[in-house]
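> output the structure for:
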Amino acid sequence: MSGLRQTIIRGGLEGLYFSGAHVALKPFVGGVGAILTLHHVRPPRPGRFQPNRLLEVTPRFLARVVKYLRRSGVDLVSLDEMHRRLNERDFATRFVCITFDDGYRDTMQSAYPILKAAEAPFAVYVPTSFPDRLGELWWLALEAVIARNEHIGLQIDGRNRTFDCVTVAQKRALYDELYWWLRARPTDAEMRGVIQNLAACYHVDIAAFCEELCMTWPELAKLAADPLVTIGAHTVSHPMLAKLTPDAARSEMDLSRSIIEAALSVRPAHLSYPIGDKTSAGPREFAIAAALGFKTAVTTRPGVLFAAHARHLTALPRISLNGEFQRLRYVRVLLSGSATAMWNGFRRVEAA
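Reported below is the predicted structural model:
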């Protein structure tokens, strides 16, 4: 996330909080509940070049969030319970679901003890290629290539280009440029081909990221044995589903569910779309997930839940606990619905 965008978002959150507008707006835009998104929970890492820090929160911050949620009187519920409440219109008490994408090992090591102590249910969405050690955490490979080199050559739009990345500022700017250029490739296969070639040229082992960071099937089985934990599907290879053919997108969703069932003896009823924004999951993917029988499917589109989401159970928004904004006052603002209401033009459901 660029520094300018961080500054704008932080300014908006601060303004809503210190003006009290988040409190005034909450009765109108707060909805009936919310789903929180997390990825990594681990101690802060040293180093100024960390373009993926937005995906990391500290154990201390998570503990503070959980304590705040308990004190605020919301119900911390499982995805199944959320599904029931939406279907039955049981909104007597506001609720929050806690979810983790990707099945990182620190979910078990750092997040689980905190949530277990608080008796807080949570879900882990697993891309099956990660515990199978076949996955490609390409965003980390890109970070590693830039972090370890001062100059990078890459063919972009048919032209050979050389990029300087000596300073931290240059590295940050280059990461943002290449990340979004990769995301804009017309197919998922093309994007992966570029990053595979880049990693090979600069001696970055993509497979090593899975081995180091992601849970194994035995570790996932141990976690799944706790009734507090829901295991959800997150496709097989973590693709941008909207860039696949309909058959390929359907296969990614359905096959991941079958692989998890074979490995853990539990068939996931809930799905998370990889990346999860408008460019990676839209009405076609929402319809496929519903046709496959998933109870719910979550995006990364920002928003709280409203009663109307009962008609859009495979297009649910979430609130990200962003590592760049680890302040409880920001959590208060986000859960009030005020910031996301403004972001969404006060539309309650965004499923197009």
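
> quick one: low-confidence parts of the protein?
Scanning the chain for pLDDT under 70 picks out the ranges 1-2.

> and the longest helix along it, what does it pack against?
What stands out as the longest helix in the chain, according to DSSP state H, is helix 246-264. Packing partners of helix 246-264 (3 or more C-beta pairs under 8 Å, 6 or more residues apart in numbering; DSSP states H and E): helix 217-224, strand 229-233, helix 283-291. C-beta: built from backbone N, CA, C; applies to glycine.

> tell me the most buried of these?
Burial of those is given as mean neighbour count (mean count of other C-beta atoms under 10 Å); strand 229-233 ranks first at a mean of 24.

> so which other helices or strands are in contact with that one?
Judged by 3+ C-beta pairs under 8 Å, 6+ apart, the packing partners of strand 229-233 are helix 79-88, strand 122-126, helix 217-224, helix 246-264, strand 270-272.

> can you tell me what sits against it?
Outside strand 229-233, the residues that touch it by C-beta atoms under 8 Å, 6 or more residues apart in numbering are 78-80, 99, 112, 121-126, 220, 223-224, 253, 256-257, 260, 264, 266, 268-272, 294.

> now do 6 Å
With contact meaning C-beta atoms under 6 Å, 6 or more residues apart in numbering, strand 229-233 is reached by 78-79, 123-125, 223-224, 256-257, 266, 268, 270-272.

> now swap in stretch 73-89 and tell me
93-97, 120-121, 123, 230, 270, 295-296, 310.

> hmm, back to that, determine which two of the contacts of strand 229-233 are furthest apart.
Spatial extent of the contacts of strand 229-233 (C-beta to C-beta) is set by the pair Ser78 and Ser256 at 19.9 Å.

> who's more crowded, those two?
Neighbours per residue (other C-beta atoms under 10 Å) separate Ser78 from Ser256, with Ser256 holding more: 24 against 20.

> residue contacts, the more buried one?
Ser256 neighbours (C-beta under 6 Å, 6+ apart): Thr128, Ala233, Thr235, Val236.

> mind doing that once more with 7 Å?
Pro127, Thr128, Ala233, His234, Thr235, Val236 (C-beta atoms under 7 Å, 6 or more residues apart in numbering).

> what sits opposite the third one in the beta ladder?
According to DSSP bridges, the residues that bridge with Ala233 are Val126, Leu271.

> quickly find the element holding the closest residue to Met191 other than its chain neighbours.
Counting by C-beta to C-beta, 6 or more residues apart in numbering, the nearest residue to Met191 once its immediate chain neighbours are dropped is Arg185, at 4.1 Å. Using DSSP states H and E, Arg185 maps to neither a helix nor a strand.
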